[in-house]
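Student: Requesting a structural model of the entry that follows:
(one chain, ligands or ions: 1)
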Amino acid sequence: MIIGIDDTDSPRGMCTTYLASVLVDELEVYGKVIKPPILARLNPTVPFKTRGNGAVAIKIETDDIENIKQYVIDRVSEMADLEDKRTNPGIVFVDDDVASRLESFYRYAVSTLLSIDDAGKTISDLGVDSYAFKNGRGLIGALAAVGAFCTLTNSNVDHTFELIAYRPKNRWGSKRQIDEPSVWDADALTYPLVWDTVDHTSGDIIFAPHSPDPVLYGIRGDTTDSIFEAFGMIKSEDCERLTLFLTNQGTDAHYITASIDEMIEYRSYILDGVVTSPPRTIQGGHVFFKLDNTLECAAFEPTKSFRDVIRSLIVGDRVRVFGGFKDGTLNLEKIEILSLIEEVMRNPVCTCGKRMKSMGKGQGFRCKACGNRQIDRERVKIKRLVECGLYEVVPSARRHITRPLIRERGGGRKVHVTR
Ligand SMILES: [Zn+2]
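Tutor: Just a heads-up that it's a prediction; the model follows:
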């Protein structure tokens with residue numbers, strides 16, 4: 001049986017992964033828990049969520065199904081932050097032979113906006129046992145996490161790992177004691193197999209949240225060996241528990257490849273087009289440009305040095321953009337510059353060094369100072385501040401689910417990694 005759980009947390013505390021960590025240990029008395037459990041990040045643009053939109057799934061081999069179900073329901077009702085009106089937990093209990101039929105539900109939950117009714121229909125179609133608290137929105141993520149379990153444990157599907165350390169309850173809400181130099185040392189030794197632990201641009205460690213939840217920190221990477229090597233180097237306050245999750249973080253699972261006229265709000269896209277307006281910076285430091293005269297693309301202030309890449313674009317450059325579509329704007333997460341304009345047409349320069357003025361359409365050009373004339377404009381090679389290839393936002397501004405460029409392998413594309 002695979003148990004899916006979602007939406008137990010709130011901005012002021014708790015964390016669905018903590019609940020999973022506790023259950024993975026406590027359910028051992030009922031049967032054999034298959035490790036690692038799954039942490040699935042779902043559509044990052046959904047309007048109901050302010051945090052990472054993560055759901056969890058735990059597989060257990062057991063004969064004691066009814067007792068496990070009751071135990072899980074009891075633990076979720078004890079531990080979930082049910083007082084917060086945005087917290088609407090859902091639990092599903094899915095038999096192994098049905099679970100693979102939830103893979104498409106997972107794909108929709110990661111890239112589109114599903115409704116509580118969609119979850120209800122799937123539950124009744126597949127005959128899944130479920131338990132909903134309040135409006136039951138968490139059933140969407142609970143079903144999707146079970147689908148993700150089947151998808152991500154397939155060796156052909158891109159996946160990563162995260163080792164999460166949790167704090168004892170008496171420490172929740174207090175300042176995290178983490179020895180920063182040890183984190184930088186761990187990064188230096190285990191990067192690129194471990195990534196997004198620190199942000200070299202800002203000089204900050206970014207693997208520990210600042211919220212009052214139970215997470216001390218999370219180490220993300222491609223291999224469990226390198227993650228545990230980093231863990232062994234990091235010095236911090238004691239953790240209460242430690243759980244390794246198999247995840248879809250850093251895999252780009254949320255993107256849909258489409259054309260601009262097919263776009264729908266609250267989804268994330270990969271689109272090709274031409275820059276048709278010069279990039280402009282507005283108050284607050286956000287940078288915008290238009291793609292194909294239609295789509296507003298934005299690099300917001302937190303993306304930091306990524307904005308310099310966007311500011312360097314000129315009209316006519318061909319790009320592939322990656323980002324979430326919300327409020328009519330594509331919120332850029334990555335960009336691939338496919339081709340750059342290398343030369344522009346300019347009025348000719350006179351032998352005296354001054355630039356000639358146009359004498360009117362089709363009339364050629366004339367130097368005001370010495371009267372020299374010339375018929376044609378000149379082709380001028382321009383110096384570009386960027387080169388072709390992929391660029392990404394700084395680590396602190398990344399979506400959990402977006403693939404860091406350091407994980408980009410093969411394909412022969414030039415990659416400009418931001419650490
Ligand atoms: Zn002249």
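
Student: how about the helices of the stretch 1-150 of the chain, start to end?
Tutor: For the stretch 1-150 of the chain, the helices defined by DSSP state H, counting those that start in this stretch occupy 16-26, 65-79, 96-99, 103-111, 116-126, 138-152.

Student: which non-adjacent residue is nearest whatever residue of the stretch 151-300 of the chain ends up closest to the ion?
Tutor: Closest contact between the stretch 151-300 of the chain and the ion, by Cβ to the ion, is at Pro278 (29.8 Å). In short, each C-beta sits where N, CA and C put it, glycine included. Distances taken as Cβ to Cβ, 6 or more residues apart in numbering put Val315 closest to Pro278, at 6.0 Å, once the chain neighbours are dropped.

Student: how many neighbours does that neighbour have?
Tutor: 14 (other Cβ atoms under 10 Å).

Student: and it, which of the three is it?
Tutor: Following DSSP: H, G, I helix; E, B strand; the rest coil, we place Val315 in the coil state.

Student: now it: how far from Ser339?
Tutor: For Val315, the distance to Ser339 (Cβ to Cβ, to the nearest Å) stands at 13 Å.

Student: And for Ser202?
Tutor: Separation of Ser202 from Ser339 (Cβ to Cβ) stands at 32 Å.

Student: Next: Arg419.
Tutor: Distance, Arg419 to Ser339, by Cβ to Cβ: 26 Å.

Student: Between the two, tell me which one has more neighbours.
Tutor: Comparing Arg419 with Ser339 by neighbour count (other Cβ under 10 Å), the higher total belongs to Arg419, at 17 against 11.

Student: Excluding chain neighbours, what is closest to the more buried one?
Tutor: Using Cβ to Cβ, 6+ apart, the nearest residue to Arg419 is His200, at 4.2 Å.

Student: you'd agree Ala253 is up against Ser111?
Tutor: Yes - counting by Cβ atoms under 8 Å, Ala253 does reach Ser111; the two are 7.5 Å apart.

Student: who has more neighbours, these two?
Tutor: Neighbours were counted for Ala253 and for Ser111 using other Cβ under 10 Å; Ala253 has more, 26 against 17.

Student: Quick check: nearest residue in space to the more buried one, chain neighbours excluded?
Tutor: Nearest residue to Ala253, sequence neighbours excluded (Cβ to Cβ, 6+ apart): Val110, at 5.0 Å.

Student: If I look at the one you found, what pLDDT would I see?
Tutor: For Val110, the pLDDT comes out at 96.

Student: isn't it right next to Gly141, touching?
Tutor: No - at 10.2 Å, Val110 does not count as touching Gly141 under the criterion of Cβ under 8 Å.

Student: Neighbour count: these two, which is higher?
Tutor: Per other Cβ under 10 Å, whichever of Val110 and Gly141 has more neighbours is Gly141, with 34 against 25.

Student: neighbours around the one residue in the stretch 201-350 of the chain that gets nearest to the ion, how many?
Tutor: Closest contact between the stretch 201-350 of the chain and the ion, by Cβ to the ion, is at Cys350 (3.1 Å). By other Cβ under 10 Å, the residues close to Cys350 number 20.

Student: Could you pull up the residues touching it?
Tutor: Shown in contact with Cys350 (Cβ atoms under 8 Å, 6 or more residues apart in numbering): Met356, Cys367, Ala369, Cys370, Asn372, Gln374.

Student: repeat that with 6 Å
Tutor: By Cβ atoms under 6 Å, 6 or more residues apart in numbering, the contact list for Cys350 reads Met356, Cys367, Asn372.

Student: quick check, nearest of those to Asn156?
Tutor: Asn156 has its nearest neighbour among the contacts of Cys350 in Met356, at 62.3 Å by Cβ to Cβ.

Student: hang on, the earlier thing: between the helices of the stretch 1-150 of the chain, which one is closest to His210.
Tutor: His210 sits nearest to helix 16-26 of all those, at 16.3 Å, using Cβ to Cβ.

Student: where's the residue nearest the centre of the chain relative to the ion, distance?
Tutor: Nearest to the geometric centre of the chain sits Arg399, at 2.5 Å (Cα atoms, centre = their mean). According to Cβ to the ion, to the nearest Å, Arg399 and the ion sit 55 Å apart.

Student: quick one, what contacts the residue in the stretch 1-150 of the chain that the ion sits nearest to?
Tutor: Residue nearest to the ion within the stretch 1-150 of the chain (Cβ to the ion): Thr45, separated by 56.7 Å. Counting by Cβ under 6 Å, 6+ apart, Thr45 makes contact with Tyr266, Gly324, Lys326.

Student: ok, and the most crowded of the residues you listed?
Tutor: Gly324 leads the contacts of Thr45 on contacts (other Cβ under 10 Å) with 22 neighbours.

Student: would you say it is within a strand?
Tutor: Yes - assessed by three-state DSSP, Gly324 belongs to a strand.
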